[in-house]
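Engineer: give me the fold of what follows.
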Amino acid sequence: MRYKMIVAYDGTEFHGWQTQNRPDLHSLRTVQETMEKAVMKVMRHPITIIGASRTDSGVHARGQVATFASTNDIPPEKLLMGINSWLPDDVQVKKIEITTDRFNPINDCTSKGYRYSLAHGCSNPLRKPMFDRRYLAHTAYELDVSAMQTAASHFLGEHDFAGFTKLNHGRESTIRTIDGCTVTETEDWRIAIHVSGSGFLWNMVRIVAGTLLEVGRGYTSPDSIPELIASCDRKRAGKTLPPEGLSLEWVSFD
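Structural biologist: Okay, here's the model as predicted:
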């Protein structure tokens, strides 16, 4: 029996999604390993969980999709209650359903949606995040949201995003397609950057957000984005913004 789960987690205390094997070293806390331990408590046999996205250390998720197989046949509603009873407070399974034995959340994924949340104008200390500081990055600059919206539209389509990832990214191709890229004001001095596409490079969304921040502060022109992307030069893109502002919102499949 193969089960498909929608998982939410607060990434603050995790070293990312993927289990990290460190022989002879202290084990790092990851979402995948934490979930596997909880599921094994219910299923009573070893299992391996596969997630659609390998979120980095400190990155959150509201709509991660994961799957595992078991020889036990437990109704999804009972399995949902059982797994959540063994999970810590910063991880929650939102939904479980039975899927086909061919389903693979990595290979079958057609698009993913990320949100980067940012507080700006924080040279005024009263604007700095307080109760939501674990889920919101901040900058001292007051940002021009209209300019950021114009710049965001230039990221749409298929491009070589070699300048928007780490130099040691380990991917054969840096060509990716962005289906959506928008900047919206959610409330006073709060911005949400939504980016969606079929796949992303290491730190790509956080670098796109960092580049849009540079546009918002007037350091980079919105109309220079196409040339900046075409240069494939990491030094010309914005800085990698911190992980606490990033959340995997949803994963879509055909």
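Engineer: contacts, neighbours, all on C-alpha from now
Structural biologist: Will do.
Engineer: quick check: phi and psi at Trp250.
Structural biologist: Trp250 adopts backbone torsions of phi -160, psi 160, taken as degrees, to the nearest 10.
Engineer: identify the residues contacting the residue nearest to it when sequence neighbours are not counted.
Structural biologist: In this structure, Trp250 finds its nearest non-sequential neighbour in Gly63, 4.4 Å apart by C-alpha to C-alpha, 6 or more residues apart in numbering. Gly63 makes contact with 6-8, 248-251, according to C-alpha atoms under 8 Å, 6 or more residues apart in numbering.
Engineer: for Gly63, which three-state class applies?
Structural biologist: strand (DSSP: H, G, I helix; E, B strand; the rest coil).
Engineer: any idea how far it is from Glu97?
Structural biologist: Plainly put, Gly63 is 14 Å away from Glu97 if you go by C-alpha to C-alpha, to the nearest Å.
Engineer: just the helices in the stretch 1-150 of the chain please.
Structural biologist: Assigned by DSSP state H, counting those that start in this stretch, the stretch 1-150 of the chain shows helices spanning 31-43, 76-86, 145-153.
Engineer: helices or strands up against the shortest one?
Structural biologist: Using 3 or more C-alpha pairs under 8 Å, 6 or more residues apart in numbering; DSSP states H and E as the contact criterion, the secondary-structure elements in contact with helix 145-153 are strand 175-187, helix 204-216.
Engineer: at 10 Å what do you get?
Structural biologist: The contact analysis (3 or more C-alpha pairs under 10 Å, 6 or more residues apart in numbering; DSSP states H and E) places helix 145-153 against strand 175-187, strand 190-197, helix 204-216, helix 225-231.
Engineer: for the shortest one, packing partners?
Structural biologist: With contacts defined as 3+ C-alpha pairs under 10 Å, 6+ apart, helix 225-231 has these neighbours: helix 145-153, strand 157-160, helix 204-216.
Engineer: what's the neighbour count on Phe253?
Structural biologist: Using other C-alpha atoms under 10 Å, Phe253 is surrounded by 13 other residues.
Engineer: just Cys232 next, same as before
Structural biologist: Neighbourhood size, Cys232 [other C-alpha under 10 Å]: 18.
Engineer: just Phe200 next, same as before
Structural biologist: Neighbours of Phe200 using other C-alpha under 10 Å come to 21.
Engineer: which phi and psi does the closest residue to Asp233 other than its chain neighbours have?
Structural biologist: Closest residue in space to Asp233, ignoring its immediate chain neighbours: Gly163 at 4.5 Å, by C-alpha to C-alpha, 6+ apart. Dihedral pair for Gly163: phi -80, psi 0, per degrees, to the nearest 10.
Engineer: right, and Gly163 touches Glu227 too?
Structural biologist: No: assessed by C-alpha atoms under 10 Å, Gly163 is found out of contact with Glu227, at 11.2 Å.
Engineer: of the two, which one has the most company?
Structural biologist: Here Gly163 and Glu227 are compared on neighbour count by other C-alpha under 10 Å; more neighbours surround Gly163, at 22 against 11.
Engineer: and the more buried one, what does it touch?
Structural biologist: Residues near Gly163 by C-alpha atoms under 10 Å, 6 or more residues apart in numbering: 174, 204, 207-208, 228-238.
Engineer: on that earlier part again, quick one: common contacting residues for Gly163 and Glu227?
Structural biologist: Shared contacts of Gly163 and Glu227, defined by C-alpha under 10 Å, 6+ apart, comprise Arg236.
Engineer: all good on my end, thank you.
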